[in-house]
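Undergrad: 3D, please:
(one chain, ligands or ions: 2)
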Amino acid sequence: MKFSDINFSRFEPAVSALERLRSYFSEKDAGYYIKTFGCQMNVRDSENLAGMLENMGLVRRKSAREADVVLVNTCCVREHAEVKVYGNVGSYCKMKREGKNMLIGVCGCMMQQKHMADEMRRRFPGVDFYMGTNMLHELPEIMLEALESGRRQERIKGPTGPVVEGLPASGRRGPSAFVNIMYGCDNFCSYCVVPLVRGRERSRAPGAILDEIASLADQGCVEITLLGQNVNSYGKGLPDKISFAGLLRQVDRIPGIRRIRFMTSHPKDLSEELMDAMAGCEHVCAHLHLPVQSGSNAVLAAMNRGYTREHYLELVTRLRQKMPQIDLTTDIIVGFPGESDTDYEDTKSLLQQVRYDSAFLFRYSVRRGTAAEKMAETVPEESKTQRLYALIAEQEAITAQRGACHVGKNEEVLVESVSARDPGEVSGRANGSWTVNLRGDKGLIGRIVPVRIIEAKAHTLYGEIVQ
Ligand code: SAH
Ligand code: SF4
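TA: Residues are numbered from 1 along each chain as shown. Ligands and ions are numbered 1, 2, ... in the order given. Here you go, the predicted structure:
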């Protein structure tokens, strides 16, 4: 993509739309609720939606039942997410049928898939408005139109929209925040719907990213996670010659930011320069999420991943040479079309060889419009399930061993929240990938404290502050 293809614009809501919504909602003491499905990108989009709704005078509520405006931000990366979304939208529409006065909006990735959008329209006449993935900034106008006309409104266009800067945000009040650095994806992994629903890759200008992070730091944020479908190709098409490694080095110098994380890294674009930047930057955390998807070269080729098992393992070796403490995590798909028992065994042996701290393991689900949709050699559901559970058991054992290695050691923990199940306990993250719980109260939130690990349980470490 050339820079000239990228259209940067600033968020400027139609003032009259905002004002009219404000007076309409403030009279009613109205509230909103957003249900978010899917990845961190969607979580970040929902923070922007919340920011705009609060600009309209709406107050955040804890459930749809207490809200006047309900938004559902959808995901369609796997069938499981899609099914859950239908269930959710259905339950909100039922509330409305039973007499609750509310405005229901549905947005996000499912709306970019024609057959899913059609299914929504058919099944849920109670929905008041639909928005595509890059129409979020038009929320005030579309809501006003839905309210004034009393008829369902839709704003759905192609997925490659302009990069809109300056949207308000609300949501994360803790010490860490997500920052989008790019949108879309150009990789077309053969199983993946993301390029179809999020469009072509567009990087944000470095100045806008750095300003946003500096302002987050001013508000007390100490950790940021840079987001993109493939952050390693950040900068493609921008006039400023800048790589992701270059961006990382600049973020590392922002006063107040003490931890930097990022995701996702595509193995084919993980450069030596980036590994050196990670090792050299003071604040980059000792963790890399590096999705491998499969350990078989035949499956990797059919997935159009652009690397081999050997190349991936070489990357792991080099990362561990440069950063011996690094935690590695991954995503894996089992049951991709054509995956034989031998291919599956290759994935299992890669898992054993790399010894990830944790792994997200998925059963393949066919997505309409992807290249893999046309692949005939499908794996029976039963075998997919067997493989998935066997791999989960394998990884759980490795995770337990990796966790046990921390016992007796000291970790720097950024305390993020009070634990949901025990108010006398707080929860945070070590410098790598592990969650650490410890005795303490909310006064610790936002602090990075030295903690001695005393126990490892499943996916969580338990520790106590070192005095
Ligand atoms: N851009 C990221 C993440 C994309 S979606 C990346 O490249 O890693 C997150 C994960 O969902 C993927 O890593 C993949 O493991 C899984 N996934 C994507 N499409 C899938 C499908 N059709 N079936 C099962 N899992 C899928
Ligand atoms: Fe999907 Fe591949 Fe792009 Fe990730 S890199 S979003 S898996 S197409």
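
Undergrad: mind checking which helix or strand of this structure has the lowest mean pLDDT?
TA: strand 8-10 (a mean of 69; mean pLDDT, DSSP states H and E).

Undergrad: wait, Val451 sits on Gln467?
TA: No - applying C-beta atoms under 8 Å, one finds Val451 not in contact with Gln467, separated by 11.1 Å. For glycine as for every other residue, the C-beta is placed from the backbone atoms N, C-alpha and C.

Undergrad: More neighbours: which of the two?
TA: Val451 (24 against 5; other C-beta atoms under 10 Å).

Undergrad: Run through the bridge partners of that one.
TA: Here Val451 shows beta-bridge partners Glu411, Ile465, assigned using DSSP bridges.

Undergrad: which residues touch Ala404?
TA: Ala456 (C-beta atoms under 8 Å, 6 or more residues apart in numbering).

Undergrad: Kindly provide the distance from it to ligand 2.
TA: 32 Å (C-beta to the nearest ligand atom, to the nearest Å).

Undergrad: do the same with Arg363
TA: 15 Å.

Undergrad: which residues in the stretch 201-350 of the chain form helices?
TA: Here the stretch 201-350 of the chain has its helices, by DSSP state H, counting those that start in this stretch, at 206-218, 244-252, 272-280, 297-302, 309-322, 341-354.

Undergrad: closest to ligand 2 out of these?
TA: helix 297-302 (11.8 Å; C-beta to the nearest ligand atom).

Undergrad: List of residues touching the closest one?
TA: Counting by C-beta under 8 Å, 6+ apart, 190, 293-294, 307-310, 336-339, 343, 346-347, 372, 375 sit against helix 297-302.

Undergrad: quick one: which of the residues you listed is nearest Gln321?
TA: Nearest to Gln321 among the contacts of helix 297-302 is Glu310, at 16.5 Å by C-beta to C-beta.

Undergrad: how many neighbours does the closest residue to that closest one other than its chain neighbours have?
TA: Excluding the flanking residues, the one nearest Glu310 by C-beta to C-beta, 6 or more residues apart in numbering is Asn297, at 8.0 Å. Burial of Asn297 is recorded as 16 neighbouring residues (other C-beta under 10 Å).

Undergrad: Phe25 too?
TA: Phe25, neighbours per other C-beta under 10 Å, totals 21.

Undergrad: Sticking with it, tell me its helix or strand.
TA: Here Phe25 is covered by helix 15-28, with elements defined by DSSP states H and E.

Undergrad: Name the next helix or strand downstream of that helix, please.
TA: Trace forward from helix 15-28 with DSSP H and E and the next one is strand 31-36.

Undergrad: Who does that following strand pair with, and is each partner parallel or antiparallel?
TA: For strand 31-36, pairing defined by DSSP bridges yields strand 59-60 (parallel), strand 69-74 (parallel).

Undergrad: Put the alpha carbons of stretch 56-65 into PDB.
TA: Provided in PDB are the C-alpha atoms of stretch 56-65 (Å, rounded to 0.1, in the frame of the first residue of the first chain):
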ATOM      1  CA  MET A  56     -23.200  12.000  24.800                       C
ATOM      2  CA  GLY A  57     -23.900  12.100  28.500                       C
ATOM      3  CA  LEU A  58     -24.500   8.300  29.000                       C
ATOM      4  CA  VAL A  59     -23.200   6.700  32.200                       C
ATOM      5  CA  ARG A  60     -21.600   3.200  32.200                       C
ATOM      6  CA  ARG A  61     -23.800   0.500  33.700                       C
ATOM      7  CA  LYS A  62     -22.900  -3.000  34.900                       C
ATOM      8  CA  SER A  63     -25.500  -5.000  32.900                       C
ATOM      9  CA  ALA A  64     -27.700  -4.700  29.800                       C
ATOM     10  CA  ARG A  65     -30.800  -4.800  32.100                       C
END
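
Undergrad: Mind checking the pLDDT average for it?
TA: Mean pLDDT, computed over stretch 56-65, is 95.

Undergrad: which residues in the stretch 51-200 of the chain form strands?
TA: For the stretch 51-200 of the chain, the strands defined by DSSP state E, counting those that start in this stretch occupy 59-60, 69-74, 103-108, 129-131, 153-155, 163-165, 176-180, 182-183.

Undergrad: what does the fourth one rub up against?
TA: Contacts made with strand 129-131 from outside it, assessed by C-beta under 8 Å, 6+ apart, are listed as 103-107, 111, 117, 120-121, 138-139, 142-143, 145-146, 152-156.

Undergrad: That one: how far from the chain's middle?
TA: Mean C-alpha position of strand 129-131 versus that of the full chain (C-alpha atoms, centre = their mean, to the nearest Å) differs by 22 Å.

Undergrad: Sheet partners, orientation included, of it?
TA: When DSSP bridges is applied, strand 129-131 pairs with strand 103-108 (parallel), strand 153-155 (parallel).

Undergrad: Any idea which of those gets closest to ligand 2?
TA: Per C-beta to the nearest ligand atom, nearest to ligand 2 of the strands paired with strand 129-131: strand 103-108, 14.8 Å.

Undergrad: chain center to the closest one: distance?
TA: 19 Å.

Undergrad: Tell me how many other residues crowd Glu98.
TA: Around Glu98 there are 7 residues (other C-beta under 10 Å).

Undergrad: quick one on the thing from earlier: buried residues in the helix holding Phe25?
TA: Buried positions in helix 15-28, judged by neighbour count with 16 or more other C-beta atoms under 10 Å: 17-18, 20-21, 24-25.
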